[in-house]
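S.K.: This is a predicted model, with the sequence first.
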Amino acid sequence: MDGEWWRGRLWRAIQFNIEDPYGFYADRVTADLLVEAAKRVKANMLIVFARDAWGRVFYGGSRLYPRHHNSRLDVAELVDKARSAGIRVVVMADHTANRHLYRLHPGWAQRNRDGEVIVLEHYPVREKVRDPHWPLICLNSPAMERYFVPEAREALEATGADGLLLDSFRYLPDPPKACYCGYCRARFRSEKGLELPERDDPEDESFRAAWEWRYDVVVRAIARLREAVKSVKSDALFFYNSHPAGWAGRGNVVVDRARDYLDAVFAEASETDVMGLHMVPVAVKLSRAMIGWGKPVFVTRNLFYNLRTVQSPPPPVIRQGVRLIAASGGHPVATMFSSQFFEDPRALDYLAGVYEELDRVEEFIVGSEPLRYAAIIFDTDTHEKRYWSEPHFYVSEVEGFALMHIHSHIPWEILSMRDLDRLSEYKVVVAAATAIVDDDEEEMLRGFVESGGFLVATHEFGVMRRDYTYTYRFALSDALGLRYEGVFYLGYAYLHLAGDEDDAKELWNGLPEAVVFGDFSTAFTRERTDPRMGELVRALPAGARVLAWGRLGRSAYGYEYTLGRSTPPPGPVLRFAGISLGGAGEGRTLYYAVRLGAHYSRLGHPDYAQLYLRPLHRYAPEPPAGSNAPDTVYIDYYRKNDSLIIHLVNLTVNERILAATTGPSKQSLPPFTPQYSVHPARSLVETPPFKVWIRTEWDRVKAFDAVTGEELKASVSGGRSDIVVPGLREYRLIVVTPRS
């Protein structure tokens, strides 16, 4: 579209933060310094504060806030100098954290039910909040019209920046973070005719209404701020920091609902420091799904290590993280704080190499579209209404299926439930614990199956509607060939891999007859097992081909080894389908009565992946691409005009330790080792040779590595092109074209 300058480029950004009350390094930061740093690392975008969380601005002439007392940086000067160097500048403003406003108007702060100020800073749990540094200001207070809207205009007018990022724009529905200030109470009463709830109970009408209403407040505020930004500069990039893996995932819901007002999304992925690099593509693709097709996703990689803002991590953490962002369809943003810039800037050297590399191959990335095969549905209503207090059980089910695709190199994307009109672009759709399905959505899914699609569903698929009522049946129950009869709430359950089909034995050859589901509780306070992990849906066969039966554990928990934490042996086999195959029209359905994805996410055992991959390979349409690379190689496939683009990112590291405690018990003594260990990837291990294959209609193909220019051996047989990768050290971008 006209004026949308952010299209047609691969953006390589540096986010530079000056973030302390006293300005320890602020007097050393200048426009020249930042522009030179950006040029040095081949960045083409700078993201800086226009106003910090203490309520001070980095530009002159503000009618709203004081100038930062110790800063030499003038953002207007930065914009001019960056523009001369071909670098775009985006400013961060309108954060709801604002100490200056709080000191002027403490009544404008967000406050919980007890009247305590809600803060963005990390207070110890038992510490009382007093004179907070990062108090959150309420969007329902006069601050919205008297400060936030004028701030959006002023930040662009005063600096001439190319865009505005709503960073740390927080107004959350969760009870510990939900605002109960007088403005919220009055507005909720006026708009809904109810009082804000005094207890956390989704069976309470006011609780449900307040939960939805709080999202409406955020979306309306974003719409209002967009209007202000565009009134000053119609081509300004306007986007929001979603923090997709943080804040219980609530930012994803905001993006999904506010997508019509946002030009892009800023996905701060700092949690991937402790979740593992595989979470980077999950965060990218989830954000791409939430913002809608075609809008850019800016994804961060910290240039510091694990909250240690003065310390650079080892090179692979930065290089492979940035490559993962680009490979999975995002625009990388490298985040650095002023302390690190002056005390340990080694990370900039690591970044320079990978940004220069992406600059050289940008032409192959920009405009490429994913090679679509499998879509994993993400439904924000299931996240919010079915799993509101425990969203990790839903997210881990989605993440587990993403991991199975990552490790098996089968193309995958995440699809918002809002975009089911795009189902025809996929061959496989995974409804991972998608509990809420309305009638119109069910019909779209039915049309997908009947036209030849392969639908995978798990757990309580479609047992609720969006109005909170129950359906008392599965969605597409006739296509599944199953009847829903509730759930066994167990500590442990098994799948008995001996179905009623002749080919079931061959399908599961080499796997144990009984595969366990469930896990011990790490909280270990009142329950020995982790709630919900051992659940088994009672799915009665009604025409489905049963590939595995449900099976009980022999006892509630195991007696062997660690009594109370170990797993019981398998018990009686039930006549409920554990894994079943159904179908309608030209397509098929595959159903699991357990949380298969959540188990793979948590435990990573290959048996869980095999329970999905074997039926997928046997019964689903063939994928358009694949590889026999080690599962530590991340692969993503794209198409651009008459070329196929394959990203290969090596995640084979010497060691990465993410260690967790088993939690307390009456037996426990002081720990022998630390409560947790987070060790970074320190060096990469080059892989042996492997193949990547991709479906083509060409008789002859040419394959080359766009990073090095090396031509790779390629052959064509039966409509499939095989490319031999002689080894992968860090990263390859393979381009496959027809050979004339």
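M.R.: Nice, thanks for sending it over. Numbers count the residues shown, from 1 in each chain.
S.K.: Check the offset of the helix or strand bottoming out on mean pLDDT in the chain from the chain's centre.
M.R.: In the chain, no helix or strand scores lower on mean pLDDT, DSSP states H and E than strand 658-659, which sits at a mean of 76. Between the centre of strand 658-659 and the centre of its chain there are 20 Å (C-alpha atoms, centre = their mean, to the nearest Å).
S.K.: counting contacts, what elements does it pack onto?
M.R.: strand 677-678 (3 or more C-beta pairs under 8 Å, 6 or more residues apart in numbering; DSSP states H and E). Backbone N, C-alpha and C define where each C-beta goes, glycine included.
S.K.: Give the next helix or strand downstream of the strand it packs on.
M.R.: Sequence-wise, the next helix or strand downstream of strand 677-678 (DSSP states H and E) is strand 690-695.
S.K.: So in that sheet, which strands flank the least confident helix or strand of the chain, and in what orientation?
M.R.: If you go by DSSP bridges, strand 658-659 pairs up with strand 677-678 (antiparallel).
S.K.: got a list of contacts for the partner strand?
M.R.: Strand 677-678 is touched from outside by Asp273, Val274, Asn306, Ile657, Leu658, Ala659, with contacts defined as C-beta atoms under 8 Å, 6 or more residues apart in numbering.
S.K.: for stretch 87-95, same thing?
M.R.: With C-beta under 8 Å, 6+ apart, stretch 87-95 has contacts from 5, 11, 13, 35, 38-39, 43-51, 53, 75, 78-79, 82-83, 148, 151-152, 155-156, 159, 161-169, 225, 237.
S.K.: Mind checking which of those are in helices?
M.R.: Members of the contacts of stretch 87-95 lying in helices (criterion: DSSP state H): 35, 38-39, 75, 78-79, 82-83, 151-152, 155-156, 159, 225.
S.K.: which two from those end up farthest apart in space?
M.R.: The span of those, defined through C-beta to C-beta, is set by Lys39 and Leu225 at 31.4 Å.
S.K.: higher neighbour count, the two?
M.R.: Higher neighbour count among Lys39 and Leu225: Leu225, with 24 against 14, using other C-beta atoms under 10 Å.
S.K.: contacting residues for the residue nearest to that one when sequence neighbours are not counted?
M.R.: Excluding the flanking residues, the one nearest Leu225 by C-beta to C-beta, 6 or more residues apart in numbering is Ala152, at 5.0 Å. Going by C-beta under 8 Å, 6+ apart, Ala152 touches Ala93, Asp94, Leu164, Leu225, Ala228, Val229, Val232.
S.K.: ok, the third one to Ala514 distance?
M.R.: From Leu164 across to Ala514, the span is 56 Å (C-beta to C-beta, to the nearest Å).
S.K.: higher neighbour count, those two?
M.R.: Leu164 (29 against 19).
S.K.: isn't that one right next to Asn241, touching?
M.R.: No - assessed by C-beta atoms under 8 Å, Leu164 is found out of contact with Asn241, at 11.5 Å.
S.K.: Do a quick rundown of the strands in the stretch 501-650 of the chain.
M.R.: With DSSP state E, counting those that start in this stretch as the criterion, the stretch 501-650 of the chain has strands at 514-517, 536-541, 545-553, 570-584, 587-592, 625-627, 633-640, 643-650.
S.K.: number of nearby residues for the residue lying closest to Leu581 once chain neighbours are set aside?
M.R.: Closest residue to Leu581 apart from its sequence neighbours, by C-beta to C-beta, 6+ apart: Arg545 at 4.3 Å. Counted with other C-beta under 10 Å, the neighbours of Arg545 add up to 19.
S.K.: Quick one: the strands in the stretch 251-400 of the chain, in order.
M.R.: Counting by DSSP E, counting those that start in this stretch, the strands of the stretch 251-400 of the chain are 264-267, 297-302, 331-337, 369-370, 374-378.
S.K.: now for the last one, which elements pack on it?
M.R.: For strand 374-378, the helices and strands in contact under the criterion 3+ C-beta pairs under 8 Å, 6+ apart are helix 279-291, helix 391-408, strand 412-416, strand 428-431.
S.K.: Can you give the contact residues for it?
M.R.: 252, 286, 289-290, 398, 401-402, 405, 410-417, 423, 425-432, 434, 623.
S.K.: can you tell me the helix or strand for Arg250?
M.R.: Per DSSP H and E: helix 250-258 holds Arg250.
S.K.: Are there helices or strands packed against that helix, and which ones?
M.R.: helix 205-232, strand 237-241, helix 279-291, helix 380-381.
S.K.: tell me the angle that helix makes with helix 279-291.
M.R.: 30 degrees (axes from the mean of the first three to the mean of the last three C-alpha atoms, to 10 degrees).
S.K.: how far out from the middle of the chain is helix 250-258?
M.R.: Distance, centroid of helix 250-258 to centroid of chain: 12 Å (C-alpha atoms, centre = their mean).
S.K.: Show residues contacting that helix.
M.R.: Residues contacting helix 250-258 (C-beta under 8 Å, 6+ apart): 172-174, 215, 218-219, 222-223, 240-244, 262, 265, 286-287, 290-291, 378, 380, 383-384, 416, 418.
S.K.: Tell me the buried residues within those residues.
M.R.: Listed as buried from these are 172-173, 215, 218-219, 222, 240-244, 262, 265, 286-287, 290-291, 378, 380, 383-384, 416, 418; burial here means 16 or more other C-beta atoms under 10 Å.
S.K.: Could you break this protein into its assigned domains?
M.R.: 13-368, 374-623, 627-738 (automatic domain parsing).
S.K.: Just the helices from the stretch 401-550 of the chain, written as ranges.
M.R.: 439-450, 477-480, 504-507 (DSSP state H, counting those that start in this stretch).
S.K.: Can I get the ones you listed in a markdown table including mean pLDDT, distance to Ser555 and mean neighbour count?
M.R.: A markdown table is the format used below for those (pLDDT from 0 to 100; distance: least, C-beta to C-beta, whole Å; neighbours: other C-beta atoms under 10 Å):
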| stretch | mean pLDDT | distance to Ser555 | mean neighbour count |
| --- | --- | --- | --- |
| helix 439-450 | 98 | 39 | 18 |
| helix 477-480 | 98 | 31 | 22 |
| helix 504-507 | 88 | 27 | 15 |
